[in-house]
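Enquirer: next come a sequence and a model predicted from it.
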Amino acid sequence: MPEGDTVWHTAAVLRDALAGKTLTRCDIRVPRYATVDLTGQTVDEVLSRGKHLFVRAGPASIHSHLKMDGSWRVGRHRVDHRARIILEAGGIRAVGIDLGVLEILDREHDQDVVAHLGPDLLGDDWDPQVAAANLTADPHRPLAETLLDQRVMAGIGNVYCNELCFVTGLRPTAPVSAVANPQRLVARARDMLWANRSRWARCTTGDTRPGRQLWVYGRAGLGCRRCDTPIAHDQTGERVAYWCPTCQR
């Protein structure tokens with residue numbers, strides 16, 4: 001599931017593959033932008049902002065959001081109907097697959113689409129003071145809902161949301177006012193994403209062995225790693241919630 005760390009890593013891979021190279025192919029398979037051709041333009045920058053990714057080439061910026069199922073692939077992979085954009089430069093091919101958002105923006109104003117976001121957990125604008133203030137702005141709001149709000153801090157998705165609730169000792173439905181130390185929580189969020197920014201296999205437990213990487217996410221019915229209580233889950237909301245009935249208040 002793409003979250004801020006996945007997008008940061010994707011941007012790094014695309015940067016290594018394309019930055020400084022001239023595009024020899026630009027095939028955009030979105031009707032609105034089908035006539036846009038950036039062939040001949042040089043890729044100057046690839047950057048991420050929260051869950052958003054920007055490829056800047058000439059006067060344009062290719063803005064994408066992976067949503068739930070999207071990805072960028074670099075290499076000579078087979079191109080099928082899921083491709084939304086194909087870029088080639090220097091003998092390298094980058095393909096955007098099932099992208100939730102794909103649009104071509106004016107490079108000088110591309111950051112307008114992410115101006116509403118809170119501090120980026122993996123960005124130069126990261127500010128724990130602002131993030132903590134955003135987190136506690138509505139003390140009655142459920143913690144999981146708040147953590148998933150990208151206006152609070154940018155980059156947290158459902159995996160990190162559930163894992164952060166566990167390490168904080170609170171259930172996803174607990175109010176933000178129950179967080180004893182907001183500064184510590186945002187610091188943990190930063191640490192989790194930072195530790196995983198350069199790898200695809202996400203780990204929050206510190207144990208990278210297969211099946212040991214996460215505390216509660218995706219572990220419904222399995223024993224809690226701390227107390228062995230079966231992990232509970234709720235699928236009735238927009239996002240699936242996981243928690244330990246014993247370890248989380």
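Expert: Nice, I can see it.

Enquirer: would you work out how far apart the start and end of stretch 237-249 are?
Expert: For stretch 237-249, the separation between the terminal residues is 20 Å (CA to CA, to the nearest Å).

Enquirer: to clarify, my last question referred to stretch 74-94.
Expert: Taking CA to CA as the criterion, the two ends of stretch 74-94 lie 4 Å apart.

Enquirer: show me the helices in the chain, by range?
Expert: 4-18, 128-135, 143-148, 158-168, 182-196 (DSSP state H).

Enquirer: the inter-axis angle of the first one versus helix 182-196?
Expert: Angle of helix 4-18 versus helix 182-196, following axes from the mean of the first three to the mean of the last three CA atoms, to 10 degrees, is 40 degrees.

Enquirer: low-scoring stretches of the chain, by residue?
Expert: Across the chain, the ranges flagged by pLDDT under 70 are 1.

Enquirer: pop the domain breakdown of it in here.
Expert: Under the assignment the TED database, the domains of the chain span 4-114, 128-243.

Enquirer: can I get these in JSON lines including distance to L121 and mean neighbour count?
Expert: C-beta: built from backbone N, CA, C; applies to glycine. Formatted as JSON lines, the domains of the chain follow (distance: least, CB to CB, whole Å; neighbours: other CB atoms under 10 Å):
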{"stretch": "domain 4-114", "distance to L121": "6", "mean neighbour count": "18"}
{"stretch": "domain 128-243", "distance to L121": "4", "mean neighbour count": "17"}
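
Enquirer: which one of those domains lies nearest to R249?
Expert: With CB to CB, the closest approach to R249 among the domains of the chain belongs to domain 128-243: 5.7 Å.

Enquirer: what's the end-to-end length of that closest one?
Expert: End to end - CA to CA - domain 128-243 spans 26 Å.

Enquirer: strands of the chain, residue ranges please.
Expert: 23-28, 43-49, 52-57, 60-65, 71-74, 83-89, 92-97, 101-106, 232-234, 241-243 (DSSP state E).

Enquirer: could you list every helix and strand in contact with the fifth one?
Expert: Spelled out, that is strand 71-74. helix 4-18, strand 92-97 (3 or more CB pairs under 8 Å, 6 or more residues apart in numbering; DSSP states H and E).

Enquirer: any chance of JSON lines for the ones you listed, columns distance to N196?
Expert: Output for those, formatted as JSON lines (distance: least, CB to CB, whole Å):
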{"stretch": "helix 4-18", "distance to N196": "4"}
{"stretch": "strand 92-97", "distance to N196": "21"}
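
Enquirer: closest to R107 out of these?
Expert: Between R107 and those, the tightest spacing by CB to CB is seen for helix 4-18, at 15.1 Å.

Enquirer: now the angle from that closest one to helix 158-168?
Expert: 130 degrees.

Enquirer: and the spatially closest residue to R76 that is not a sequence neighbour, how far from N134?
Expert: Using CB to CB, 6 or more residues apart in numbering and skipping residues adjacent in sequence, the residue nearest R76 is R93, 6.1 Å away. R93 sits 40 Å away from N134, taking CB to CB, to the nearest Å as the criterion.
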